[in-house]
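>>> need a structure here:
(2 chains)
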Amino acid sequence: MKEITPRSEDFSQWYLDVVLKAELADYGPVKGCMVIRPYGFRIWELMQADMDRRIKETGHVNAYFPLLIPRSFLEKEKDHVQGFSPECAWVTIGGGEELEEPLAIRPTSEAMICSMYAKWVNSWRDLPVLLNQWCNVLRWEKVTRPFLRTTEFLWQEGHTLHATEAEAEEETLKMLEVYRSFSEEMLAMPVLTGRKTESEKFAGALRTYAIEALMGDGKALQAGTSHNLGQHFATAYGIDFLDKDQQRAKPWSTSWGSSTRLIGGLIMTHGDDNGLVLPPRVAPYQVVIVPIPPRKGDWNEQVLPKAREVMAALKGAGIRVHLDDRDNQQTGFKYADWEMRGVPLRLELGPKDIEKDQCVLVRRDTREKSFVPLAGLPDAARDLLERLQAALLERARGFVKDNTTRVSTYAEFKEAMTGRRGFILAGWNGDPAIEARIKEETKATIRVIPLDGGAETPCVVTGQPGREVWFAQAY
RNA sequence: CGGGAUGUAGCGCAGCCUGGUAGCGCACCUGCUUGGGGUGCAGGUGGUCGUGGGUUCAAAUCCCGCCAUCCCGACCA
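You can find the predicted model right below:
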C-alpha cells in the first residue's frame, strides 16, 4: 500500500491521497464526475439522515423536481441566467432528433421549482411553502477536485415562499443556523456565519449568507449557503397570490443548499498524516475490532468467538462496529489501514486480554490507549466516542483561533497572507473596488460580513470609516 | 480558453533518444511462514503500449492529427 503524502509537504496531494486510498471516491470516466464509493457514501448517508431530520424539524417537507429545465425557464431571471449559463450542460438531442428547445441539466432548481410554484400558489393561505429536495446537480466546472468542486454533485436545496420580507429573512437566517449547528455538532467543524458581499452573492439573490470553515492549509471553504431571494424570482416566474385584504401580492422566496462538499470539509478539517480522522457521529464504523491471533493455535477457537460477542454487545448499544477478521492481513497492517480510513476507535482483543476480561481501546485522534473491562464496554466505548467527538471540535476551534489574525494595516494583511494565511479580520469601507483590489493583490476575498454588520473599524486599505469583516483565501 | 507536461497491467513507473517477440515494484491469486504497529520465501494470473492515420520488411519506439489527464494562469452563486 502506497504511503499518504504528508500533509505539511503537499496539502493538495495529501487530500487526494486520502480520498482515493481511504476509498471515499474514485475518478469516473467523465471529467469532474466522480464515483462515491461505499465508504464515502456511507458518510454521506449519515450526514444526510441528520441534515434531513433538521430540515424536517424546522417545518420543511421533501419533494422531487425534474432534472431537465427548458432553456426558456432558466432565462426568466436575468442575473440568474447570467450567473449559471456558463456552467450549464445542455441536452439538445432526444430520441435521435434535435430538440425544439434545448434542456439544461439543472445547475440548481430555482427556475424549475419557481415555475411550479407559480402554478400552485394562489392565496395567502397557500403560504408559506417550505420545500426541500435531495438531488444531483451539474455545473460544468473547469477545475475539479473530488468532493470540493465536481461537475456533478449531490446536495439538498430548500426553496421556500413567504408572505413578507421579514418572514423570508427569518427563514434564511434560520437555515443558516441549521447549517452552522449541523457542521459543529455532526462534523465537529467550526464555522463562521455571515453575509456575502455583492460580488460573492448568489446569482439572482437579494442577500446571500454562508457558513465558512477553515481548512488545514489555511484556506476557507464555503460549506453551505442560504439566500434571501427577495421578490426577484416571484417576479420573474410570475408567482403571486391574493392577500387577506384582497390585494394581489408577490411572495418573498428563499433558497438554501448544502452538498457533498461538506465531506471535503470534513476531511480537510480533521485529517492528519496517517489519513482520515472521522468524527464519531458521521463515521461509518465508530469502532473497529482487530482481533489478535494467538501465538499457538487457532484464532477461530481462541479469539474470534469472543470478538463476535464483543461486537454484538457494542451493536446492541447502538454503536456502529466492524470486526476485521481478515486472516490474510497482519495486525500491524490492519492498524494502519483503519487509521487511514479514520475509524474513531480501534478495539484490540487478543488472548492476553481475554484472559483478563478486558480489551484495548485506541483513539484515532490522539492514539491514546486504554484498557477497558469487557463488562462495562458499551458504556465506556460510547463515552469515549462522545469525548472524541467533543475533542475534535475543540481542537478544530483552537486551530481557527490560532489561525485568525486581526490586522490594522494593509502591510500586516499582506504579511498574514504570505504566511500561514487563515482568517484575517480587517476593516473594509464597503467598496467593491477595494475588495477586488485586495483579491488581486493577496488572493484573499471577503468570506463573510458578520451578521451584526461588524465592528466599526477603519478600512485596512484606505483608512476610511469601515466595518470589520472576515477575509481568507477561498477554495 | 492560453502556457507547460504526461498517457505502457488495478496503481506507480522503466523501455522510446539509437525501430527487431513488453519489463520492474506494489496490489491480486496459490502454498508455506509470520502474527500485540505496514512479515518473509517460493510459484502464478493479468497489457490490442490513449486513439486514428502515415513511414517501414518490421512501430510502445519515428512523423502528423485527435482525445484524455495533471500543473500554472484565466474562469468558478
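>>> quick one: contacts of whichever helix or strand A:N132 is part of?
Assigned by DSSP states H and E, A:N132 belongs to strand A:129-138. Strand A:129-138 is touched from outside by A:48, A:52, A:55, A:59-65, A:67, A:88-89, A:105-109, A:113, A:117, A:120-121, A:151-161, A:171, with contacts defined as CB atoms under 8 Å, 6 or more residues apart in numbering. Just so you know, the C-beta spots here come from the backbone N, C-alpha and C atoms, and that holds for glycine as well.
>>> let's see it at 7 Å
When contacts are defined by CB atoms under 7 Å, 6 or more residues apart in numbering, strand A:129-138 is touched by residues A:48, A:55, A:59-65, A:89, A:105-109, A:117, A:121, A:151-161.
>>> by contact count, what packs against the next helix or strand after that strand?
Per DSSP H and E, the first helix or strand lying C-terminal to strand A:129-138 is strand A:152-162. Counting contacts by 3 or more CB pairs under 7 Å, 6 or more residues apart in numbering; DSSP states H and E, strand A:152-162 packs against helix A:38-57, helix A:110-120, strand A:129-138, helix A:165-185, strand A:252-259.
>>> adjacent strands (with direction) for strand A:152-162?
Strand A:152-162 has its sheet partners listed here by DSSP bridges as strand A:129-138 (antiparallel), strand A:252-259 (antiparallel).
>>> buried ones from the contacts of strand A:129-138, can you make that a PyMOL selection?
Buried subset of those, written as a PyMOL selection, criterion 16 or more other CB atoms under 10 Å:
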select buried, chain A and resi 48+55+60+65+105+106+107+108+109+117+121+151+152+153+154+155+156+157+158+159+160+161
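>>> near RNA strand B, from the contacts of strand A:129-138?
By CB under 7 Å from any atom of the strand, the members of those lying near RNA strand B are A:T108.
>>> state the helix or strand in which the residue in the stretch 351-475 of chain A that RNA strand B sits nearest to lies.
The nearest approach of the stretch 351-475 of chain A to RNA strand B comes at A:K352, 3.1 Å away (CB to the nearest atom of the strand). Element membership for A:K352 (DSSP H and E) is helix A:351-355.
>>> can you say which of the strands paired with strand A:152-162 is nearest to RNA strand B?
Closest to RNA strand B of these is strand A:252-259 (CB to the nearest atom of the strand; 6.0 Å).
>>> mind listing what A:T197 touches?
Applying CB under 7 Å, 6+ apart to A:T197 gives the contacts A:435, A:446, A:449.
>>> show the backbone phi and psi for it.
The phi/psi pair for A:T197 (degrees, to the nearest 10) reads phi -80, psi 170.
>>> what's the offset of the helix ranked longest in chain A from the middle of its chain?
Longest helix in chain A, counting residues (DSSP state H): helix A:377-402. Put simply, helix A:377-402 sits 19 Å off its chain's centre (CA atoms, centre = their mean, to the nearest Å).
>>> average pLDDT for it?
Averaged over helix A:377-402, pLDDT sits at 98.
>>> in it, which residues are buried?
Quick answer for helix A:377-402 (16+ other CB under 10 Å): A:377-378, A:380-382, A:384-385, A:388-389, A:392-393, A:395-396, A:399-400.
>>> can you give me the buried ones in the strand holding A:N132?
Buried, per 16+ other CB under 10 Å, within strand A:129-138: A:129-133, A:137-138.
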